[in-house]
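Colleague: Please find the sequence and the predicted model below.
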Amino acid sequence: LEYYKNKKNSEVIKYLKEYKLYNEYDIRCRKIVNPLFLAYYFSLSDIVDMLINKYGAYVYIKDNEGNTLLHIYGGVNKIISLINNEYHINVINNKGETPLHKACIQYNYVTNCLIYKLLKYGANINAQDNEGNTPLINLSRTAANKKNVVFLIEQGADISKANNKGETPLITACKYGKKK
């Protein structure tokens, strides 16, 4: 922000102020600490495009938890545009989670679409986070759509890979899953 703030009448600051995403006094206290993250989070695609294409914003910037834009996805279309631009989809955050881990943890319709896209573009289906959890273990915790669990297995997810506690996807599903 300091770079943009020091430029008189900067388009970036103008847009950020217009959308109430910029406050010189408290921007450093926010979890999302970067104009690109803010614009991305609030689905302001014109500002995201301007920051990246016109001002060369660094798309691999991380927040305080080590999350990149792909970890905090705000919508499938934005994710697809990042993936189509050869974004590194196996980047990890401070917990060792890839975007695929996050999609399986926060399972919903949007992440359902994202899981398919990430795998299509080569996400590591058996990546383990700092606790040894794989995306399949994360998905098994949510009692999510059986179809997606089957899909991950069909795509090569290792059903016998255990986390640091010795829990496999089956143990996790039995422990945390909801009965239907």
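Modeller: Alright, I've got the coordinates. Residues are numbered from 1 along each chain as shown.

Colleague: Domain parsing of this structure, as residue ranges.
Modeller: 1-58, 79-180 (automatic domain parsing).

Colleague: By mean pLDDT, show me the worst of those domains.
Modeller: Per-stretch averages of pLDDT across the domains of the chain put domain 1-58 at the bottom, with a mean of 61.

Colleague: Packing partners of the longest helix along the chain?
Modeller: Ranked by residue count, the top helix of the chain under DSSP state H comes out as helix 109-120. Judged by 3 or more C-beta pairs under 8 Å, 6 or more residues apart in numbering; DSSP states H and E, helix 109-120 is in contact with helix 76-84, helix 99-105, helix 146-154. C-beta coordinates here come from the backbone N, C-alpha and C atoms, glycine included.

Colleague: Give me the buried positions along that helix.
Modeller: Burial within helix 109-120, assessed by neighbour count using 16 or more other C-beta atoms under 10 Å, is assigned to 111-115, 117-119.

Colleague: Just the residues contacting stretch 150-164, thanks.
Modeller: Outside stretch 150-164, the residues that touch it by C-beta atoms under 8 Å, 6 or more residues apart in numbering are 104, 115-116, 119, 125-126, 128, 131-137, 139, 168-172.

Colleague: roughly how far apart are Cys104 and Thr142?
Modeller: As judged by C-beta to C-beta, to the nearest Å, Cys104 and Thr142 stand 7 Å apart.

Colleague: More neighbours: which of these two?
Modeller: Neighbour comparison, Cys104 and Thr142: the larger count goes to Cys104, with 30 against 20 (by other C-beta atoms under 10 Å).

Colleague: tally of neighbours for Val150?
Modeller: Residue crowding around Val150 was assessed by other C-beta under 10 Å; the count is 11.

Colleague: nope, Pro135 is what I meant
Modeller: 30.

Colleague: residue contacts, it?
Modeller: With contact taken as C-beta under 8 Å, 6+ apart, Pro135 is in contact with 98, 100-101, 103-104, 115, 123, 125-127, 152, 157.

Colleague: Show the buried residues in the residues you listed.
Modeller: Neighbour counting with 16+ other C-beta under 10 Å marks 98, 100-101, 103-104, 115, 123, 125, 127, 152, 157 as buried within those.

Colleague: May I see the residues you listed arranged in a markdown table, with distance to Thr68 as well?
Modeller: Supplementary listing: the buried ones among the contacts of Pro135 in a markdown table, determined by distance: C-beta to C-beta, whole Å:
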| residue | distance to Thr68 |
| --- | --- |
| Thr98 | 10 |
| Leu100 | 13 |
| His101 | 13 |
| Ala103 | 13 |
| Cys104 | 17 |
| Ile115 | 17 |
| Ala123 | 13 |
| Ile125 | 19 |
| Ala127 | 15 |
| Leu152 | 22 |
| Ala157 | 23 |
